[in-house]
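**Student:** coordinates only, sequence not included:
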């Protein structure tokens, strides 16, 4: 039996996001961390070897949807071409949002 994670009475969920395009070297990770912190999310963001940026975030569904919407545009210097999104139940022990 899996425990349902909650924060402030809201069910916690997780989103895995992979962002493709001109997204490395344009402060995407730094800006994503600031956006996640503004939304009260926990998780991480990192550059991938294939030139994409990958992130895992946990929080309430509405805040995660805002984060995904932000990822689809990114910071002003980014040129986002495609975003893959995968929803899961929250299962990680994440305390803050970090660049890894």
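**Tutor:** Noted; the coordinates are in hand. Since the model is a prediction, treat every value here as computed from it, not as a measurement.

**Student:** endpoints of stretch 40-57, how far apart?
**Tutor:** From its first residue to its last, stretch 40-57 covers 10 Å (Cα to Cα, to the nearest Å).

**Student:** give me the mean pLDDT for that stretch.
**Tutor:** In this model, stretch 40-57 carries a mean pLDDT of 97.

**Student:** go through it and flag the buried ones.
**Tutor:** 41-45, 47, 52-57 (16 or more other Cβ atoms under 10 Å). From N, CA and C alone the C-beta is placed, and that goes for glycine too.

**Student:** and the furthest pair within the residues you listed?
**Tutor:** 42 and 52 (21.3 Å; Cβ to Cβ).

**Student:** and the buried residues of stretch 40-57, which of them are in helices?
**Tutor:** Per DSSP state H, helices hold no members of the buried residues of stretch 40-57.

**Student:** would a markdown table of these with distance to residue 14 be doable?
**Tutor:** Formatted as a markdown table, the buried residues of stretch 40-57 follow (distance: Cβ to Cβ, whole Å):
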| residue | distance to residue 14 |
| --- | --- |
| 41 | 10 |
| 42 | 10 |
| 43 | 8 |
| 44 | 11 |
| 45 | 14 |
| 47 | 20 |
| 52 | 19 |
| 53 | 17 |
| 54 | 13 |
| 55 | 11 |
| 56 | 6 |
| 57 | 7 |
